[in-house]
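Colleague: 3D, please:
(2 chains)
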Protein chains: 2
Amino acid sequence: MSALAGLLAFQRETEALAQVMGRLGWDQETMMPRGAAMQRGEEMAALEAVLHARRTDPRIGDWLVGATPQSEGEAAQIRLIAHSYTRACRVPGDLAAEIARVTSVSQGKWAAARKAEDLAGFLPVLGEVIALRRAEAQALAGGGDPYDALLDGYEPGITGAEIAALFDRMRPRIVGLRAALRDAPPAPVLTGHFPRGAQLALAQEVAAVFGYDFSRGRIDEAVHPFSSGSFNDVRITTRIDEAEPLGCIYSTIHEVGHAGYEQNIAQDYGLSVLGQGVSMGVHESQSRIYENQLGRSPAFCDWLYGRMRDHFGPLSVDTPEDFARAVNRVAAGFIRTEADEVHYNLHVMLRFDLERALMRGDLALGDLEAAWNDRFGADFGIAVGKPSQGVLQDVHWPVGLFGYFPTYSLGNVYAGCLHVALRAAAPDLDGQLARGDLSTALGWLRSNLQCHGGLRTPQATIAHATGAPVHEDALLGYLEAKYSALYGL
Amino acid sequence: MSALAGLLAFQRETEALAQVMGRLGWDQETMMPRGAAMQRGEEMAALEAVLHARRTDPRIGDWLVGATPQSEGEAAQIRLIAHSYTRACRVPGDLAAEIARVTSVSQGKWAAARKAEDLAGFLPVLGEVIALRRAEAQALAGGGDPYDALLDGYEPGITGAEIAALFDRMRPRIVGLRAALRDAPPAPVLTGHFPRGAQLALAQEVAAVFGYDFSRGRIDEAVHPFSSGSFNDVRITTRIDEAEPLGCIYSTIHEVGHAGYEQNIAQDYGLSVLGQGVSMGVHESQSRIYENQLGRSPAFCDWLYGRMRDHFGPLSVDTPEDFARAVNRVAAGFIRTEADEVHYNLHVMLRFDLERALMRGDLALGDLEAAWNDRFGADFGIAVGKPSQGVLQDVHWPVGLFGYFPTYSLGNVYAGCLHVALRAAAPDLDGQLARGDLSTALGWLRSNLQCHGGLRTPQATIAHATGAPVHEDALLGYLEAKYSALYGL
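Modeller: As a prediction, the model looks like this:
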């Protein structure tokens, strides 16, 4: 067997085991009896140890030296495996195990602290997580910028400085738009009672409209919606609040965006390193364009309004136009995951600046809450009243996900680029969306982006699909045009 | 770290990974989308390779040499790990992989052949499976009897010759009882429509009555009911036929017997080699005593009759006595899994004799169908009409489970022994059962048998619980007394 064949066969088994790990995570959030939590922790730790040993197996180094790619796909696989292998080998095994141990416990401590609004009690835990992740970042960076080394784990090929520059360009236009919208008459709110069964039925219908392949997936309920798995087993979850149906519908569309990306990757790439979304940012671009540029478009709202009335009877908003305004209602709020399109990136920018400063040692842990609350008050015009509205709201930092937040906004920026290119390729898109016909949009995304999986770098993946370099103007122009029209600015 | 500590830490991770494998199997039968079947096969093969490598890891041999047990529990763990290690090392890796490959495909071929009633087309596949398992048996036996070597994988410490002698002693009394019952007036049949939701609600109620701990398990539907998992995550499945509710209720009680055994093993044994049922036969003894000696006792039927009427309204049988006769109706049938207590062991004896002859080379594959059908006609008095009623009915042989069948009857024999001892310890058992109160019976089984897990050998496990050696008289006496009374012999 050639070095390349040996490498790829070994990697295929690793990918299969990584899928098993994903399935355990899915089970934990959807099916697992509560008494199994400790046991599941040991099961996942044992499997993680297996995966870590495989990812740092010295045979990979030998195979990489001897492997000669014969195609673009083989070259991409070698590049991705080498990237993963180098990163895995740079982190001492003891440190990796300690991070796994501490962060598996810190999630529970965070949940308890958030419930008790006890930030002071949680700060020592967070400090330990930060110290460990900083040590890991320094090992990964090899003399380079530690924050960039963490970012590289989620969005290879972009630096913190580039993101800072991007956010500096985006920020004034978003703040300007937000200020203008604050002075406009508010959009209506959808109220009423929306039975669980009808919400689930509509969510399934909408998932099908957005191309979700139920023969290779399923929908269950979970507290926090997520998508899980690759290739031919890609499952999503949704949540249901009988007083508020839009959360169920749009979180379903969001997760179908993630899942559709995975399901539409070329079958030949299955269980290879090419067979999954190329980065967190590109992944988020798919969930966001499904959810926002397509799903929250006034044209699609027109269709959805009819389906809502069929499922729930008369609504508290009387026209498709008012329904679209309710769906796209802009209002400052504390919680990132509930934010509208206009405010969303401001949440991310706040976290990016603070986590980069924390990781670089420019912000002391004791100053974190004041820094957050000051910045939030300035950006959103409302005062944080308790830690669950502020520092303790997200699970990311407690479990060590530093460098992850900016990929959410990169996803929005990418989605903006894809949306402009899609509109150019599909002049009648609004007409189709108003009929609930997503076929042109989904086909365009599938053939231009999704099918390629990990073949190209993240930014090259977007540029290949759009024919142009990534630029924030597409997103900002879209936001300004859409919300000016919806709010009659 | 001492050799013993190293060994036990290593084994704990292996046990955790084995639990993961079990969870994948559960998911496959309950939750997995159908399009994921091929992918799941690769995932399970990758995990199986990890487990095989761990089970044959040469460090185990070193640790075993250096390990010095300080307690009965440690000695038992060393004994069980050594047993597993010796067996795993005796089978060449290529052969183990080939068996895994062939049997993973043969299950699908069997299902298709059974549906098409195409035994001739399936025999070459079965021949390949038999040849591989015979090669494995010879490797395991190291000069001893190959069939015994396979049996040792399911019920350590018993030989084919001992089982043959046991069955020779049991057979005349069962045949005699069956003949007497055939001449008696038949028992009534329960008919009607039993809605799915009510069956599931009653199944959950009955599971709780039989001590199933829902905080460490869950009930789902599957085509073939099963129990899965150990320690704090033990899940069961049931099946529902709206024309026939007893299948749902009694398969639930049966699986709760398996699950209760796992859930009640001492918590200290969790994720160790002691932390699971000690053998297939002892496992079956728990499912059988729950299902039959307890669940099908006239006293418990009295209670269940009332609950049935509460859930389903008036029944086609008018009295608790007639309900008990319907529950315990004896009738010759082709399908082992649907057999009554009297006929069940005759099914097993048939398979035992045939599979032992096949494995020893005393029966040619081409003669299998005739041998089966002749024996069945003689034993059951009805003629096999098609392969799905005969050779193709069970999945066991197609997937290579030779040596497994006799453990079903061993389970019945063990259950008979346990039942006699339980009755002696709980003189008012029938009074309790008639109130749906299983606490004394379950407590006795838990403290005398279940909590000990793999501490003792299978036969010693039963003898420890009953205070007497295993003997078939207990089962046969129970059957003769119960059915003579029910049928007024």
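Colleague: what does chain A put close to chain B?
Modeller: Within chain A, the positions near chain B by Cβ under 8 Å from any Cβ of the partner chain are A:12-13, A:16-17, A:19-20, A:23-24, A:27, A:31-36, A:38-40, A:42-43, A:45-47, A:49-50, A:213-218, A:231-233, A:235, A:270-271. Yep, even glycine has a C-beta here, placed from its N, CA and C like the rest.
Colleague: ok, of those, which come out buried?
Modeller: Using 16 or more other Cβ atoms under 10 Å in any protein chain shown as the burial test, the residues of chain A next to chain B include A:12-13, A:16-17, A:19-20, A:23-24, A:27, A:31-33, A:35-36, A:39-40, A:42-43, A:45-47, A:49-50, A:213, A:216-218, A:231-233, A:235, A:270-271 as buried.
Colleague: tell me which of those fall in helices.
Modeller: Within these, residues falling in helices by DSSP state H are A:12-13, A:16-17, A:19-20, A:23-24, A:27, A:39-40, A:42-43, A:45-47, A:49-50.
Colleague: mean confidence score for stretch A:171-183?
Modeller: Taken as a whole, stretch A:171-183 has a mean pLDDT of 95.
Colleague: what's in contact with it?
Modeller: The contact list for stretch A:171-183 (Cβ atoms under 8 Å, 6 or more residues apart in numbering or on different chains) reads A:330, A:332, A:342-343, A:345-346, A:349, A:379, A:381, A:476, A:479-480, A:483-484, A:487, A:489.
Colleague: after the one helix or strand A:Ala299 maps to, next one along is what?
Modeller: A:Ala299 belongs to helix A:298-312 when assigned by DSSP states H and E. Counting by DSSP H and E, the next helix or strand C-terminal to helix A:298-312 is helix A:320-327.
Colleague: and the next helix or strand past that following helix?
Modeller: Downstream of helix A:320-327, the next assigned helix or strand under DSSP H and E is helix A:341-360.
Colleague: other SSEs contacting that next one?
Modeller: Applying 3 or more Cβ pairs under 8 Å, 6 or more residues apart in numbering or on different chains; DSSP states H and E, one finds that helix A:341-360 makes contact with helix A:119-141, helix A:146-151, helix A:160-182, helix A:368-380, helix A:406-425, helix A:473-487.
Colleague: where does A:His471 land on pLDDT?
Modeller: With respect to pLDDT, A:His471 scores 98.
Colleague: so the nearest residue to it once chain neighbours are set aside versus chain B, what's the distance?
Modeller: Excluding the flanking residues, the one nearest A:His471 by Cβ to Cβ, 6 or more residues apart in numbering or on different chains is A:Cys417, at 6.7 Å. Taking Cβ to the nearest Cβ, to the nearest Å as the measure, A:Cys417 falls 32 Å from chain B.
Colleague: repeat that for A:Lys386.
Modeller: Per Cβ to the nearest Cβ, A:Lys386 is found 32 Å from chain B.
Colleague: what of A:Gly192?
Modeller: Counting by Cβ to the nearest Cβ, the gap from A:Gly192 to chain B is 28 Å.
Colleague: what's the answer for A:Val384, then?
Modeller: In terms of Cβ to the nearest Cβ, A:Val384 sits 37 Å off from chain B.
Colleague: got a list of what that residue touches?
Modeller: A:Val384 sits next to A:334, A:372-373, A:376-377, A:390 when contact means Cβ under 8 Å, 6+ apart.
Colleague: you'd agree A:Gly153 is in a helix?
Modeller: No. Looking at A:Gly153 with DSSP: H, G, I helix; E, B strand; the rest coil, it is coil, so not inside a helix.
Colleague: quick check, it in contact with A:Ser84.
Modeller: No. With contact defined as Cβ atoms under 8 Å, A:Gly153 does not reach A:Ser84; the gap is 9.5 Å.
Colleague: and the gap between A:Leu246 and B:Gln389?
Modeller: For A:Leu246, the distance to B:Gln389 equals 56 Å [Cβ to Cβ, to the nearest Å].
Colleague: same question, A:Ala3
Modeller: 55 Å.
Colleague: what's the neighbour count on A:Gln70?
Modeller: If you count neighbours by other Cβ atoms under 10 Å in any protein chain shown, A:Gln70 ends up with 8.
Colleague: got a list of what the closest residue to A:Tyr269 other than its chain neighbours touches?
Modeller: Nearest-residue entry for A:Tyr269: A:Gly275, 4.0 Å, with adjacent residues in sequence omitted and distances by Cβ to Cβ, 6+ apart. Residues in contact with A:Gly275 (Cβ under 8 Å, 6+ apart) are A:15, A:230-231, A:265, A:269, A:453-454.
Colleague: which single one of those residues is nearest to chain B?
Modeller: Closest approach to chain B among the contacts of A:Gly275 (Cβ to the nearest Cβ): A:Phe231, at 5.5 Å.
Colleague: what's the closest non-adjacent residue to the closest one?
Modeller: Once flanking residues are discounted, A:Phe231 sits nearest to A:Gly270: 4.1 Å by Cβ to Cβ, 6+ apart.
Colleague: contact partners for that neighbour?
Modeller: A:230-232, B:39.
Colleague: can you find the helix or strand of chain A with the lowest average pLDDT?
Modeller: helix A:93-116 (a mean of 90; mean pLDDT, DSSP states H and E).
Colleague: for stretch A:54-70, buried residues please.
Modeller: Buried residues in stretch A:54-70, counted by 16+ other Cβ under 10 Å: A:54-57, A:60, A:63-64, A:67.
Colleague: distance of A:Val209 from chain B?
Modeller: Distance of A:Val209 to chain B, given as Cβ to the nearest Cβ: 19 Å.
Colleague: was I right to think that residue contacts A:Leu438?
Modeller: Yes. Counting by Cβ under 8 Å, A:Val209 does reach A:Leu438; the two are 5.8 Å apart.
Colleague: ok, those two, which is more surrounded?
Modeller: The neighbour count for A:Val209 versus A:Leu438, taken as other Cβ under 10 Å, is higher for A:Leu438 (23 against 20).
Colleague: for that one, list the residues it contacts.
Modeller: A:209-211, A:294, A:432.
Colleague: pLDDT score for it?
Modeller: The model's pLDDT for A:Leu438 equals 98.
Colleague: got it, and the one 5 residues further on?
Modeller: Here, the pLDDT recorded for A:Gly443 equals 98.
Colleague: check which helix or strand it maps to.
Modeller: helix A:439-448.
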